[in-house]
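Undergrad: Need coordinates for the below:
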Amino acid sequence: MSNVTCRLDECNNAVQAKGLCSGHYNRTYYPDRHASVKTTCSACGVAVMKPASNNKARRPVCSDRCRYYITHGFFQEDKPAKTPRPPGPRVDKGRPNRSMWSPLRLALDTGDRVGVLKALKSRTEEQPNGCWEWTGKLDKSGYPQTAIAGRHLSPYRASLEAFTGKTLGKQAAHHKCANPKCINPSHLEAVTHAANSAEMMARTYMTSRIVELEDALRIVDPDNELLLEISVLRSDPSPPTP
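TA: Take a look at the predicted model:
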């Protein structure tokens with residue numbers, strides 16, 4: 001920045017060009033730039049001074065109130081009031097109306113325990129042994145799963161809670177029928193996770209032992225009647241062969 005001051009004695013501002021500061025330079029070489037003309041406000045007609053060289057002030061105004069009128073076509077105090085919302089239930093935009101909900105979601109939302117059991121059973125196939133086998137989606141372990149309003153829901157847990165009227169919380173819904181696809185509440189019971197895991201491990205061990213005994217019996221006595229009964233129970237069309 002230059003340390004030379006304006007050549008005029010009464011001015012100590014820094015020089016911009018030709019020995020003059022910016023203010024005196026503009027007044028000397030561009031006198032019309034600071035000239036003003038008298039005109040009237042475009043909104044209310046009051047007299048107002050307009051810069052002669054300001055092209056942006058083609059519609060001069062005397063105040064912010066009149067500038068609002070030029071922009072919107074009316075004064076701010078004359079702004080029309082918002083139309084009140086009509087009375088009635090509010091429906092969120094972009095979301096389905098409650099009348100479009102599934103029976104299961106509606107029953108869960110209203111706390112209808114009988115409706116929850118009815119809606120869940122409608123998605124199952126009842127087996128001769130009384131199991132309600134879920135016909136919908138299953139997880140990797142073979143247990144039923146579904147979603148309500150974008151949230152995960154375990155049908156067998158919901159069935160037991162609706163049947164007993166109590167929330168399971170941290171408890172597990174144990175299948176007494178050993179059928180993971182079953183959601184019949186009479187085949188379920190609330191147990192701790194430790195008890196549920198212990199029962200599952202014992203069941204797995206017993207199943208493996210039964211298979212080992214069947215294989216041993218098939219070697220010793222391949223025509224044993226027990227092997228034939230097991231084949232029928234497992235829906236094996238071919239009877240065991242020696």
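Undergrad: okay, which residue is most central for the chain?
TA: residue 150 (7.2 Å; C-alpha atoms, centre = their mean).
Undergrad: Just want the phi and psi numbers for that residue.
TA: phi 80, psi 0 (degrees, to the nearest 10).
Undergrad: Same check on the one 4 residues further on?
TA: Summarising the backbone geometry of residue 154 under the convention degrees, to the nearest 10, its torsions are phi -90, psi 110.
Undergrad: Quick check, it in contact with residue 144.
TA: Yes. Shown here, residue 154 and residue 144 form a contact pair, counting by C-beta atoms under 8 Å, at 7.0 Å. Heads up, the C-betas are built off the backbone N, CA and C, glycines and all.
Undergrad: and the two? which has more neighbours close in?
TA: residue 144 (26 against 17; other C-beta atoms under 10 Å).
Undergrad: Residue 132 is in contact with that one, correct?
TA: No. Using C-beta under 8 Å, residue 144 and residue 132 do not qualify as a contacting pair, with a distance of 9.6 Å.
Undergrad: what residues are shared contacts of the two?
TA: Applying C-beta atoms under 8 Å, 6 or more residues apart in numbering, one finds that residue 144 and residue 132 are jointly contacted by residue 183.
Undergrad: Which residue ranges make up each domain of the protein?
TA: Domain segmentation of the chain under automatic domain parsing yields 1-34, 37-78, 103-191, 197-233.
Undergrad: Now distance to residue 85 and mean pLDDT too, for those domains, in JSON lines please.
TA: As requested, these are arranged in JSON lines below (distance: least, C-beta to C-beta, whole Å; pLDDT from 0 to 100):
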{"stretch": "domain 1-34", "distance to residue 85": "54", "mean pLDDT": "78"}
{"stretch": "domain 37-78", "distance to residue 85": "23", "mean pLDDT": "78"}
{"stretch": "domain 103-191", "distance to residue 85": "24", "mean pLDDT": "89"}
{"stretch": "domain 197-233", "distance to residue 85": "55", "mean pLDDT": "69"}
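Undergrad: Show me the one of the ones you listed that comes nearest residue 84.
TA: For residue 84, the closest of the domains of the chain is domain 37-78, at 19.1 Å, according to C-beta to C-beta.
Undergrad: Pull up the distance across the closest one, start to finish.
TA: Criterion C-alpha to C-alpha, to the nearest Å; first-to-last residue distance in domain 37-78 is 31 Å.
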